[in-house]
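Engineer: got a predicted model here, sequence first, then my questions.
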Amino acid sequence: MTKYFARPMGRLVRHGLLTFGSGGTSLPGRVALALDPEFLTRARAYPSRILVTGTNGKTSTVSMIAALLRQAGRRVATNEEGANLRQGLATTLLDRPGEALVLEVDELTVPRVGAIVAPQVMVVTGLFRDQLDRYGEVAKVRAALAQAVVSMPETVLVLNGDDPLTASLEARRRVVFRLSHPPLDVPADGMDCPRCGALLSYRARYYAQLGEYRCPACGFSAPPADVQAEATEDAFIVNGRRLPKLPESLHPYSALAGIAAVRALGLEVEPKSWPPPVPGRGSSVTIAGRQVTVLLGKNPASVSWNLAQHAAETHLFLVNNRIADGRDVSWLWDINLGPVRRAITSGERALEMLIRLRYEPQMEEASAFTREADAFRAALAATPEGGRLAVVATYTALPTALGLIRSPVTAGAPALPEAILPPRAVPRARAKTVRIALLFPDQLGTYADSGNAVVLARRLAWRGIAAKPWRSKH
Amino acid sequence: MRAELKAMMDDGVPGLLVCGGLQLYGESLPLEGVEVAGLGLLPFTTRRGTPRLVGRIGVESALLPEPLIGFENHGGHSALLDGGKPLGRVLWGNGNGKDGTAQEGVVLHRTIGTYLHGPILARNPALAELILGWVAEQRGFSALAPLDDRIEQRAAKNQA
């Protein structure tokens, strides 16, 4: 009997939370699920259902799909970003069903909800290393998804063909999207063939494990694309059709995944415009004549791509290491920090980030502040007028970042930094050379261990001794 | 390959092995569920164990003035074999295994094996300096000028 109260009780709880100003997205759903464990089956009241999963780009892909479906005249419901576990999904279902449901779902929640929601389409955006200490190696995430897909036989899988971990997922019907992407140096985590375990060889490498790959042992290779795209200077070309140029904040994979998903649903919708940035995913505001762009930094792939994409004079890194960020901060060492020259760090792991920046030879100045508000103020002051400040925040630091741009503190005396990067040593003649060998970097190079070689090389260079790196193949 | 690596070790070429690299240098290790022979270069052995050992770790080592700090994440449980010397004693975290010995890593000649990543040398500049000191000695360089590592010291204090 209690299940008849699931929806009204959940709505009541949500109303209460909204009234008292704590924007909880999981408690109402938890109440609904407690009263009716089958509550998620209500998703099936929506005629069209799309799930979006993967480690990166879920939220942007959902916004892209929603924009296209709305352009086609559908009433669309989506979950709020981050509310992608069971309770959050249930909260979304408290509303009266519309015509289309587009949900982002946490990778390891898919096995628990996939068959219940029974979507017509599920998008897997890509699988990058993310919160390793919580989820184990990325191969395990892939295995869990592969298992879940078996319980969803009617679902069309929309897959990133450039990602071997994603492209190797089997389904009765698949729609593969692929992109031509300029190379960006980011270490990979999934270079082993997901079919046979041999080392993949690449004809073109985009970033991390993405690219045009082939397994020399079993022949597994990047599948042919159903939807192929290329981002050029002035257009986004999809299957030969010229679409408007993508905004800086929209990742071409998110745009492409959205287009492919709607096509997999059986609709032909050509995007007339692109959805605005999701807050914290490349959204910008102007403060005191400076453009401030907020970027969620999830993992090496996302931060590296965002840094390359959003050129900025100054960077502010807000780094926490709570459960949702990953407790282990060693991932910071796999970020490509090439575009960073001047930086401020803050958050619970501000000093670790500063240590990371210390080993970037191109750094001009960097310092750490205990309080985020002080850090933001210093970063803004370090940015020239008309220039840009890029704020990179880990998952739990993102609300702080968005709060800072809403109400920046400018009154009172500026705070002093907690730590400052030591001045760079004057380069001297390098008569001596030390060879540093990295053994099996492709097989063993997890947790940023190659950072150890960088540390040795830089500490030698500061003393005028050159270091010659050498990487063993196998 | 094994002969070259052994010759380097015996010659006192400094080496650092982290996690999988450490296991590989040992006598045996689990690889995709099967126990396989390692390179047999270190008196160290690893078997598959539960639970997976994940979390912050601190290690007191006779080689260093300050504790080593880092993060460990390994499914293999290891033990030193007869005569093996550990890198140090676990202050917090797990180290080689949950066998009550509180041992972490292994040291032989100038090869150091450890489960600490983070990366270990960035977080523990004293260990980087120990290795570079060995390099300088071996190559006949004059003593290396000290570096300013106050940020790392402050970060370590926050961790302990």
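Structural biologist: Received the coordinates, thanks. Numbers count the residues shown, from 1 in each chain, chains lettered A, B, ... in the order given.
Engineer: nearest residue to the middle of the chain?
Structural biologist: By default, I'm working from chain A. Among the residues of chain A, the one closest to the centroid is residue A:56, at 3.4 Å (Cα atoms, centre = their mean).
Engineer: look at chain B instead
Structural biologist: Using Cα atoms, centre = their mean, the most central residue of chain B is residue B:114, at 2.0 Å.
Engineer: confidence score at the nearest residue to it once chain neighbours are set aside?
Structural biologist: Spatial nearest neighbour of residue B:114, excluding adjacent residues (Cβ to Cβ, 6 or more residues apart in numbering or on different chains): residue B:105 at 3.8 Å. Where you see a C-beta, it was placed from the backbone N, CA and C, and this is true even at glycine. Looking at residue B:105, its pLDDT reads 97.
Engineer: residues making contact with stretch A:361-379?
Structural biologist: A:314-316, A:318, A:338, A:340-347, A:350-351, A:353-354, A:357-358, A:382, A:389, A:391, A:397, A:400-401, A:404, A:408-410, A:414-415, A:417-421, A:424, A:458, A:461, B:151 (Cβ atoms under 8 Å, 6 or more residues apart in numbering or on different chains).
Engineer: next one: the longest helix along chain B to chain centre, how far?
Structural biologist: In chain B, with assignment by DSSP state H, the single longest helix is helix B:125-139. Distance, stretch centre to chain centre, for helix B:125-139: 15 Å (Cα atoms, centre = their mean, to the nearest Å).
Engineer: for that helix, packing partners?
Structural biologist: strand A:432-438, helix A:450-461, helix B:120-123 (3 or more Cβ pairs under 8 Å, 6 or more residues apart in numbering or on different chains; DSSP states H and E).
Engineer: neighbours of residue A:260, how many?
Structural biologist: Close neighbours of residue A:260, defined as other Cβ atoms under 10 Å in any protein chain shown, add up to 28.
Engineer: can you pull the contacts of it?
Structural biologist: Residue A:260 touches A:123, A:158, A:175, A:176, A:177, A:226, A:227, counting by Cβ under 8 Å, 6+ apart.
Engineer: how about the nearest residue to residue A:284 once chain neighbours are set aside, secondary structure?
Structural biologist: Distances taken as Cβ to Cβ, 6+ apart place residue A:293 nearest to residue A:284, at 4.5 Å, with adjacent residues excluded. Look at residue A:293: counting by DSSP: H, G, I helix; E, B strand; the rest coil, its state is strand.
Engineer: now do residue A:293 against residue A:283, distance only.
Structural biologist: For residue A:293, the distance to residue A:283 equals 7 Å [Cβ to Cβ, to the nearest Å].
Engineer: which neighbours do the two share?
Structural biologist: Going by Cβ under 8 Å, 6+ apart, residues that sit against residue A:293 and also against residue A:283 are residue A:249.
Engineer: of those two, who's got more company?
Structural biologist: Using other Cβ under 10 Å as the criterion, residue A:293 and residue A:283 rank with residue A:293 on top: 24 against 16.
Engineer: so what sits opposite the more buried one in the bridge?
Structural biologist: Listed by DSSP bridges, the beta-bridge partners for residue A:293 are residue A:284, residue A:390.
Engineer: contact residues of chain B facing chain A?
Structural biologist: B:5, B:16, B:18-21, B:24, B:32, B:52, B:54-56, B:71, B:73, B:117-123, B:125, B:128-129, B:131-132, B:135, B:139, B:141, B:144-145, B:147-148, B:150-152, B:154-155, B:158 (Cβ under 8 Å from any Cβ of the partner chain).
Engineer: tell me the residues of the stretch 251-400 of chain A that contact chain B?
Structural biologist: So far as Cβ under 8 Å from any Cβ goes, the stretch 251-400 of chain A lies against chain B at A:327-330, A:333, A:351-352, A:354-356, A:358-359, A:368.
Engineer: by contact count, what packs against the helix or strand residue A:60 falls within?
Structural biologist: Element membership for residue A:60, per DSSP states H and E: helix A:58-71. Counting contacts by 3+ Cβ pairs under 8 Å, 6+ apart, helix A:58-71 is packed against strand A:48-53, strand A:76-78, strand A:100-104, helix A:252-264.
Engineer: turn those into JSON lines, including mean pLDDT.
Structural biologist: What follows is the helices and strands packed on helix A:58-71, written out as JSON lines (pLDDT from 0 to 100):
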{"stretch": "strand A:48-53", "mean pLDDT": "97"}
{"stretch": "strand A:76-78", "mean pLDDT": "95"}
{"stretch": "strand A:100-104", "mean pLDDT": "96"}
{"stretch": "helix A:252-264", "mean pLDDT": "97"}
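Engineer: just so I know, which of these lies nearest residue A:115?
Structural biologist: strand A:48-53 (11.1 Å; Cβ to Cβ).
Engineer: check which helices and strands the closest one is in contact with.
Structural biologist: helix A:58-71, strand A:100-104, helix A:110-117, strand A:121-124, helix A:252-264.
Engineer: would a markdown table of the ones you listed with distance to residue A:167 be doable?
Structural biologist: Output for the helices and strands packed on strand A:48-53, formatted as a markdown table (distance: least, Cβ to Cβ, whole Å):
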| stretch | distance to residue A:167 |
| --- | --- |
| helix A:58-71 | 17 |
| strand A:100-104 | 20 |
| helix A:110-117 | 17 |
| strand A:121-124 | 9 |
| helix A:252-264 | 13 |
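Engineer: which one of the ones you listed lies closest to residue A:150?
Structural biologist: helix A:110-117 (9.3 Å).
Engineer: what's the neighbour count on residue A:228?
Structural biologist: Using other Cβ under 10 Å, residue A:228 has 17 other residues around it.
Engineer: could you pull out the buried residues of the helix or strand that it is a member of?
Structural biologist: Using DSSP H and E, residue A:228 sits within strand A:227-231. Neighbour counts over strand A:227-231 (16 or more other Cβ atoms under 10 Å in any protein chain shown) mark A:227, A:228, A:229, A:231 as buried.
Engineer: where's the dip in pLDDT among these?
Structural biologist: Out of the buried residues of strand A:227-231, that is residue A:231, at 91.
Engineer: what's around the closest residue to it other than its chain neighbours, how many residues?
Structural biologist: Among residues not flanking residue A:231 along the chain, residue A:252 sits closest, at 4.6 Å (Cβ to Cβ, 6+ apart). Residue A:252 has 18 neighbours, counted by other Cβ under 10 Å.
Engineer: ditto for residue A:432
Structural biologist: Residue A:432, neighbours per other Cβ under 10 Å, totals 15.
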